[in-house]
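Engineer: from the sequence below, what's the structure:
(one chain, ligands or ions: 1)
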Amino acid sequence: MSSHSDAIKFAYWVPNVSGGLVISNIEQRTGWDIDYNRKLAQIAEANGFDYALSQIRFTAGYGADNQHESVSFSHALLAATTTLKVIAAILPGPWNPALAAKQIATINHLTNGRVSVNVVSGWFRGEFAAIGELWLDHDERYRRSEEFIRALRGIWTEDSFTLKGDFYRFTNYSMKPKPIEPLPEIFQGGSSRAARDMASRVSDWYFTNGNTPEEIRKQVDDIRTKAKANGHKVRIGVNAFAIARESEQEARAVLDEIIAKANPEAVQGFADQVKNAGKASPEGEGNWAKSSLEDLVQYNDGFRSNLIGTPEHIAERILKLKDAGADLILLGFLHFQEEVEFFGKRVIPLVRELEAARDRELVAAE
Ligand SMILES: Cc1cc2nc3c(=O)[nH]c(=O)nc-3n(C[C@H](O)[C@H](O)[C@H](O)COP(=O)(O)O)c2cc1C
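Structural biologist: Predicted coordinates:
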């Protein structure tokens, strides 16, 4: 066993859509405008965050009444920072891989290789209808995403790239300039069998909804076993809604207030829509397949990861998620600027101490 584990990485959700990350009338001190977001990105990079993840949304959905486009918004955040990596969300369909590959390669040059992509596969049928996108079956959406990712990587790394796919076709395409190293990393979101199978073949990173360490471990074991058979390496990012406060009670009280002030009709509407995603996958194992209505108050089951409590408890729980196989924690907050700073100042240093103590134990045991 290695006496040194990689430091777990931290990302935050970019609030480029309005309304916050919980479907609740509790006060959420956040902003979807560029000034708020530039400052937030600067706070994040000064306080130990590695990545920011933007969202792609074309229509309002359960609170997200205004939505800024993810790739251009990501570029603005990269232009306002120096070390933060920004992950631009991309939805196959509205984007085709020729445009996405070129757009991201250019941003990669403009930002010294700090841009990555999150290829999302879609769950919001009403949104597809609104913008005239064909609605594919669950597993077909992943077949398309996989071809999309193969095309991106092929265009970025090969000359005379040729692909005769079911969704995309390229013939002797030599895109120039190629991205500079490091190549943009390719993330994906989703937890169904199709999502995990895709991760085990083509993605650099697999993002999943919040969950307990036990449930995360099951997904990780499945993906890593398959990835190994495919000769592929994939890393794991886990979503969490963090409520870090000086006392456990204070943090729990915030969660209780979020739930008490939840908007039941909007949560039910969201619950009905997400049946189009993981629940509709043939095996019924995807994101939201087992979510309760309380879980769904946070769009990506972020309460389930239980990063709610004092900085000490949260740091310990992050180590448990790391033990379960997480390489990155993706964080959402109620009051973004102030809580990203608090998390970076108070929680991340404790995580680094626990990681260092763990490494010393491993050395001693060798
Ligand atoms: C971390 C994360 C980020 C996501 N971001 C977006 C997004 O910006 N836009 C979107 O339409 N879907 C987004 N999704 C949804 C996924 O692409 C996918 O449609 C959904 O998780 C259902 O997948 P499943 O059926 O494989 O579980 C995201 C999912 C995760 C886990």
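Engineer: what about the stretch 1-150 of the chain, any weak spots by pLDDT?
Structural biologist: Across the stretch 1-150 of the chain, the ranges flagged by pLDDT under 70 are 1-4.
Engineer: in the longest helix along the chain, what's buried?
Structural biologist: Identified as the longest helix of the chain according to DSSP state H is helix 138-157. Neighbour counts over helix 138-157 (16 or more other CB atoms under 10 Å) mark 138-139, 141-156 as buried. Using the backbone N, CA and C atoms, a C-beta is placed for each residue, glycine as well.
Engineer: likewise for stretch 160-179?
Structural biologist: 161, 163, 167, 168, 170, 173, 175, 178, 179.
Engineer: returning to that earlier point: can you name the element that comes right after the longest helix of the chain?
Structural biologist: Note on helix 138-157: by DSSP states H and E, the next helix or strand toward the C-terminus is strand 161-164.
Engineer: let me know the next secondary structure element after that following strand.
Structural biologist: With elements assigned by DSSP H and E, the helix or strand that comes after strand 161-164 is strand 169-173.
Engineer: in its sheet, what does that next one sit against?
Structural biologist: strand 161-164 (antiparallel) (DSSP bridges).
Engineer: and the strand it pairs with, how far out from the chain middle?
Structural biologist: Relative to the centre of its chain, strand 161-164 is centred 29 Å away, using CA atoms, centre = their mean, to the nearest Å.
Engineer: excluding covalently adjacent residues, which one is nearest to residue 337?
Structural biologist: Leaving out its chain neighbours, the residue that sits closest to residue 337 by CB to CB, 6 or more residues apart in numbering is residue 40, at 5.3 Å.
Engineer: where does the one you found land in three-state SS?
Structural biologist: Taking DSSP: H, G, I helix; E, B strand; the rest coil as the rule, one finds residue 40 in the helix state.
Engineer: and it, what is it in contact with?
Structural biologist: 12, 14, 15, 336, 337, 340 (CB atoms under 8 Å, 6 or more residues apart in numbering).
Engineer: give me the neighbour count for the closest residue to the second one other than its chain neighbours.
Structural biologist: In this structure, residue 14 finds its nearest non-sequential neighbour in residue 54, 4.4 Å apart by CB to CB, 6+ apart. Neighbour count of residue 54, defined by other CB atoms under 10 Å: 26.
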